[in-house]
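Trainee: Below is the sequence, then the predicted model.
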Amino acid sequence: MSRRVITLTTDFGMGSPYVAEMKGVILSIHPEVVMVDISHQVAPQDVRQAALILDQAAWRFPDGTIHVCVVDPGVGTDRRIVFAHLGSQYFIAPDNGILSRLMGRDELRRALVLTEPNLWLHPVSDTFHGRDIMAPVAARVAAGQPLEHLGPATDRLVMLDWSEPEMRGAEIHGQVLSVDSFGNVITNISHDLVDRLGSSAAICVRCAGHTIRGVVRTYGQRDPGTLVALIGSSGLLEMAVVQGHAAQRLRVESGAAVTVSCV
Amino acid sequence: MSRRVITLTTDFGMGSPYVAEMKGVILSIHPEVVMVDISHQVAPQDVRQAALILDQAAWRFPDGTIHVCVVDPGVGTDRRIVFAHLGSQYFIAPDNGILSRLMGRDELRRALVLTEPNLWLHPVSDTFHGRDIMAPVAARVAAGQPLEHLGPATDRLVMLDWSEPEMRGAEIHGQVLSVDSFGNVITNISHDLVDRLGSSAAICVRCAGHTIRGVVRTYGQRDPGTLVALIGSSGLLEMAVVQGHAAQRLRVESGAAVTVSCV
Amino acid sequence: MSRRVITLTTDFGMGSPYVAEMKGVILSIHPEVVMVDISHQVAPQDVRQAALILDQAAWRFPDGTIHVCVVDPGVGTDRRIVFAHLGSQYFIAPDNGILSRLMGRDELRRALVLTEPNLWLHPVSDTFHGRDIMAPVAARVAAGQPLEHLGPATDRLVMLDWSEPEMRGAEIHGQVLSVDSFGNVITNISHDLVDRLGSSAAICVRCAGHTIRGVVRTYGQRDPGTLVALIGSSGLLEMAVVQGHAAQRLRVESGAAVTVSCV
């Protein structure tokens, strides 16, 4: 059998010894695992950002990959820690909405509450369940621990409100979802929705007082410095400045309104 | 036998080609190794910070893990490069105090001076012994090189002065040890010492003109923005702002005085 | 056979889900691979910087390592994606000059244009060929895909202009090539060239209005704060401030003129 993969997504910051502590715990329990960092640059306590990053990256991994997600402002309180088997992927995270962007993408086959202290690292600290509960459970699952040992089943997970774009007449009203490392402004409007309005050339995108006419296929179709609209690699409408930083140009962040129409 | 683990801790910065050079050297000698980055974000030449990070993370790793630590302002001078077998862990580092925080945590079973050029990469540069001496020796040890081939034994390593908290009457006088990526202010005062003063509720922590009454168990017990004292995941007293940045609030850095008393 | 190594060099930023998406794709195709991040901190669209980083790090890796380089401002346009077998190393990258610093260091044994869609991930996005073309082809090569399946041979790759130092009379006229994470200013002047001028003590380096007399062997030979010239770990003349930041002191960046003479 090939080696199991465990991914890590946290708000600890790159180079944090907290990340290394988790990796040490995992390797101590199951040295044969492959560990991949998804991101440790989630803004502190930003559960929504973590949920988006996870949803963007997790589905690309091999079946049975275990994604450990530690953005956990409620650590040590009565918030639950859960295991979720969604489609072909496994997730271990605090039940604070971090998995809610993934829900509905694929079948929730199983959700369990981690309540079995025999699988944890002791003494369990009150402030770092990533190291003391999530990492050891992930390592044990990778090593073949039967899932029914983790804890009791649950039938609901905490869901955050994810604003969906609305079609009003011939206009789509959506929002900025995130800004990537290039400054590209990614919206919650999918390519399907845009396609319904009309041809690429006739599309008109408005955001923060700027108007972009036409949707290009890729960045290199326009001169450096041009503000363009295009469908990004996740299938969502985005705004970009060719070889520049669209979020700075538009002065927008997550939640800003975006309107798409057809001229 | 399971694959050996080599960790890397440097001040090279994430994404530095110097880190990649070391990894290439290691994999060229022993491809079966597992490499883990502890941190490459140590402030340039900050041996004390590296020593703290290493002490926080190293003990979590599997027995026989080889920790390579390259914060080396004296590279190319007559400072020694050493191998240390401390408890269950191995360390390879310049003998500049970087290992001194680890000493005394567990038995120093063996310390050797790396003097055997046959194990190095040639030509040896004058400015990058991490790549030319430490990485190849680590890879060879991982591959099974007998330790007695590395060089002669030594019975003392360079020790830095680590200020310890003092009990004066009914007060503990300690210091800020470090600030983590969340801005939490970690002191050198252990939970044992705090416990000796009295009950959590009666503890009073003073630092930089601020007074915190009571020690909470975890962040989520207070409202966002509240300055709290608690015992962190390494068992040390720390000050935190719930969902905020305590070091900015207190305007403190390493070395600042902290006093704990009982009211 | 030992496990194949795939390295990744991008301008996506550390912690970008784009990097994680590539890793997921690679592991899904070939779970036995070893992945190493060379750098994800290349400045956006900075093909020259990526070319330098790659040249510094790639040659240290085991024979047959596959280096995937995604700094790709022309993604989705008619720029080609190529596979190059250079010396003992394999490279997969857009044909935009990113490989041009490597050329001439070792024999170009084979160059192929990636044109075989059967080896790609579908649907292929217009903006992320790193994930949809380069990552899957790298994983398949690592898994043993015969190279002749990748696409047709090509006999020329895009070359950037790399300024070479000139000897004019008894002076070397060169340039700043890059600045490392310590602020050390690395020039394009090799130690061979410097050696030809005279003894270390008699060398005189001028840059940005500063004059440095003598070439030291390593940083620790001078007091903290001193501006020194030395031969760095890649064999190139560099300027450094001992335990300081030379690029800030000199206020220079890539391309600045450097003159070396003998007094």
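Mentor: Yes, it's here.
Trainee: Neighbours of the residue of the stretch 151-263 of chain A found nearest chain B, how many?
Mentor: Nearest residue of the stretch 151-263 of chain A to chain B, counting by Cβ to the nearest Cβ: residue A:181, 12.3 Å away. Every C-beta, even on glycine, is put in place using the N, C-alpha and C of the backbone. Residue A:181 has 19 neighbours, counted by other Cβ atoms under 10 Å in any protein chain shown.
Trainee: ok, for it, nearest residue in space, not its chain neighbours?
Mentor: Distance criterion Cβ to Cβ, 6 or more residues apart in numbering or on different chains; nearest residue to residue A:181, sequence neighbours excluded, is residue C:13 at 3.4 Å.
Trainee: where do the helices sit along the stretch 151-263 of chain A?
Mentor: Secondary structure of the stretch 151-263 of chain A (DSSP state H, counting those that start in this stretch): helices at A:191-197, A:246-250.
Trainee: hmm, back to that, you'd agree the residue nearest to residue A:181 is up against residue C:40?
Mentor: Yes: Residue C:13 lies in contact with residue C:40 (Cβ atoms under 8 Å); the separation is 5.9 Å.
Trainee: Pull the residues that contact the lengthiest strand in chain A.
Mentor: Looking across chain A with DSSP state E, the single longest strand is strand A:171-179. For strand A:171-179, contacts defined as Cβ atoms under 8 Å, 6 or more residues apart in numbering or on different chains pick out A:49, A:52, A:163, A:165-167, A:185-189, A:193-194, A:197, A:207, A:236-237, A:246-247, A:252-261.
Trainee: how does it look with 7 Å?
Mentor: Strand A:171-179 has contacts (Cβ atoms under 7 Å, 6 or more residues apart in numbering or on different chains) with A:52, A:163, A:165-166, A:185-189, A:193, A:197, A:236, A:247, A:252-261.
Trainee: Okay, buried residues for stretch A:66-80 please.
Mentor: A:66-76, A:79-80 (16 or more other Cβ atoms under 10 Å in any protein chain shown).
Trainee: Oops, could you answer that again for stretch A:11-21 instead?
Mentor: For stretch A:11-21, by 16+ other Cβ under 10 Å, it's A:11, A:12, A:13, A:14, A:15, A:16, A:17, A:18, A:19, A:20, A:21.
Trainee: end-to-end on it?
Mentor: Across stretch A:11-21, the terminal residues are separated by 14 Å (Cα to Cα, to the nearest Å).
Trainee: How about residues contacting that stretch?
Mentor: Under Cβ under 7 Å, 6+ apart, the answer for stretch A:11-21 is A:8, A:10, A:40-46, A:50, A:71, A:128, A:131, B:14, B:36, B:38-41, B:53, B:56-57, B:60, B:181, C:14-15.
Trainee: sorry, back to before: let me know the closest of the buried residues of stretch A:66-80 to chain B.
Mentor: The closest of the buried residues of stretch A:66-80, once distances to chain B are taken by Cβ to the nearest Cβ, is residue A:76, at 2.8 Å.
Trainee: where's the closest one relative to chain C, distance?
Mentor: 25 Å (Cβ to the nearest Cβ, to the nearest Å).
Trainee: for residue A:45, same thing?
Mentor: 16 Å.
Trainee: Buried only: go through the contacts of stretch A:11-21 for me.
Mentor: A:8, A:10, A:40-42, A:45-46, A:50, A:71, A:128, A:131, B:14, B:36, B:38-41, B:53, B:56-57, B:60, B:181, C:14-15.
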